[in-house]
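[1] Sequence and predicted structure below; questions after.
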Amino acid sequence: MPYTLDDDEIAVIIRPASSKDIEDWNGNVTTGIVVGDDFALPQHVLRDLVHVASMFTSAIDVMNYDDYVYDTVMDHRQQVLMNEIENQEIKDENTGEVINFNEFTKTKGNA
């Protein structure tokens, strides 16, 4: 699933760390920041984007040794996911009706 960065994007790269044999992977990751060859925005914007991306990668490191930060991020992640579920809309292809699903939706059969 390749992705080509647009001229206004940078990316954070995450990959499994350490083990040559992925079956022995211990959950550690390495991170990197990538800027495309054709980045077209001003340098001050690039600096700010790299700053934000490096904050992401630094947060991953801090979560490895600070339980409070880890728990805070996990709680926030759970809330974001729940909000996404609550706001998810599915369109019934037979009727064209929009169906809203959330954690309280009751369904029959395989859903």
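    Okay, I see it.

[2] in the chain, what residue sits furthest out from the centroid?
    residue 95 (33.3 Å; C-alpha atoms, centre = their mean).

[3] so what pLDDT did that residue get?
    pLDDT for residue 95: 70.

[4] Check residue 79 too.
    92.

[5] From residue 73, how far off is it?
    Note on residue 79: its distance to residue 73, by C-beta to C-beta, to the nearest Å, is 11 Å. Yep, even glycine has a C-beta here, placed from its N, CA and C like the rest.

[6] what residues are shared contacts of these two?
    The contact sets of residue 79 and residue 73 do not overlap (C-beta atoms under 8 Å, 6 or more residues apart in numbering).

[7] the more surrounded of the two?
    More crowded of residue 79 and residue 73, by other C-beta atoms under 10 Å: residue 73, with 15 against 10.

[8] would you list every one of the helices in this protein?
    43-63, 67-86 (DSSP state H).

[9] Which elements pack onto the last one?
    Contact analysis of helix 67-86 by 3 or more C-beta pairs under 8 Å, 6 or more residues apart in numbering; DSSP states H and E lists helix 43-63 as its packing neighbours.

[10] and the helix it packs on, what does it pack onto?
    Applying 3+ C-beta pairs under 8 Å, 6+ apart, one finds that helix 43-63 makes contact with strand 10-16, strand 29-35, helix 67-86.

[11] Which one, of the ones you listed, ends up nearest to residue 60?
    Taking C-beta to C-beta, strand 29-35 is the member of the helices and strands packed on helix 43-63 nearest to residue 60, at 6.2 Å.
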